[in-house]
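> Quick check, what structure comes out for this input:
(one chain, ligands or ions: 1)
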Amino acid sequence: MEYIRNNSKVKWMELLPDEFLERQNNCPLVYLPMGLCEPHGHISAFGLDTIKAEYICEVAAQEAGGIIAPTQGYHIHETGYHAPWLEEVVGEVNPYMASIPPNILLHLFLYQLRAFNNAGFKAVIVISGHAGGNQEDLRLVASTFMEHYNMKVEIRADPELVKEKYEGDHAGKYEISQLMYIRPDLIDMSKISRQFKDETLGRFALGTDASEASPELGKKIINSCINETCRIAGNLIRSIDKKAPVKTIDFEQIEELWKKIAREQRDWTTWNLHKGQNPAGEGSRWKKYERWVPSL
Ligand SMILES: [Zn+2]
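Residues are numbered from 1 along each chain as shown. As a prediction, the model looks like this:
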């Protein structure tokens, strides 16, 4: 199945009130694209994760219905398993990235779910272009929210959408192909040898098989991602009560829920190393947040 982006408006920020209500009445489903700016080698734009998440959501909404929420363009990084990963693929250079800690992102995410509920949505699809483990913590927050409120939330990092067919990576064949297909103007393969020559930035997190990337592969991966997102959307739409009245959630209620979630924060995936993962070296600039958890 090939999906092609068209000109129909599906973004909350671009819709007029009558257009918003018409779309929402037909399909009270909201999509939240998530990503961040982080290194993807010298050949790629920083925003790869964000750009693919937005694209998948936009085409899925055009196909299956629903509205795209404003993108969450900052994401969890530096903590737990990210620390040795950064040491390995970025080294000690400045990664020029838009990173925030888990407690801030997840607290905000809870308020984003509240905003979707209060604006009349009945179901949410979160597509995170940033994978690696943050999606587990997003699911933790969503499941606590769903225990208390009548909202259905599905969360996927994009490699999870295609896990039977393709293996996700970081700035390798998988990811670079995705951006080559969506935004060929944001990839410059002529810069690929800079990973060996650039004394300031070095490898800059490029995947070892990035040179095998192609727009043809990217097209297949992205179409598969959209296809699975549409399937999830269809299931959600069939399972929700479109006519259920909006029950407003207050700030205080969210803060109560947050306290409950934060009490368990030491177990969050994003504060911890992955099983069997080697820790960062003592001298690494990334060491400091490997085990760091804020006091409540
Ligand atoms: Zn990425």
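> use CA for all of it now, contacts and neighbours both
Fine.
> can you pull out the helices in the stretch 1-150 of the chain?
Secondary structure of the stretch 1-150 of the chain (DSSP state H, counting those that start in this stretch): helices located at 17-26, 48-64, 82-89, 102-118, 134-148.
> In the second one, which residues are buried?
Buried residues in helix 48-64, counting neighbours by 16 or more other CA atoms under 10 Å, are found at 48-64.
> swap in the fourth one?
Along helix 102-118, the positions that meet the burial threshold by neighbour count (16+ other CA under 10 Å) are 102-103, 105-107, 109-117.
> so which of those residues comes closest to Asp209?
Distance to Asp209, by CA to CA, is smallest for Pro102 among the buried residues of helix 102-118, at 29.9 Å.
> isn't the closest one right next to Gly80, touching?
No - using CA atoms under 8 Å as the test, Pro102 is too far from Gly80 to be in contact (9.9 Å).
> does Met180 sit in a helix, a strand or a coil?
helix (DSSP: H, G, I helix; E, B strand; the rest coil).
> Leaving out chain neighbours, which residue sits closest to it?
Of all residues not flanking Met180 in the chain, Pro215 sits nearest, at 5.0 Å (CA to CA, 6 or more residues apart in numbering).
> how many other residues sit next to that neighbour?
By other CA atoms under 10 Å, 17 other residues sit near Pro215.
> from now on call the first residue 246
Let's use 246 as the start, then, which means that last one is Pro460.
> Contact partners for it?
The contact partners of Pro460, taken as CA atoms under 8 Å, 6 or more residues apart in numbering, are 422-426, 429.
> Selection in PyMOL covering whichever of the residues you listed are buried, please.
What follows is the PyMOL syntax selecting those of those that are buried according to 16+ other CA under 10 Å:
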select buried, resi 422+423+424+425+426
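> Arrange the contacts of Pro460 in a markdown table, one row each, with distance to Val398 and pLDDT as further columns.
Shown next, in a markdown table, are the contacts of Pro460 (distance: CA to CA, whole Å; pLDDT from 0 to 100):
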| residue | distance to Val398 | pLDDT |
| --- | --- | --- |
| Ser422 | 29 | 98 |
| Gln423 | 25 | 98 |
| Leu424 | 27 | 98 |
| Met425 | 30 | 98 |
| Tyr426 | 28 | 98 |
| Pro429 | 32 | 98 |
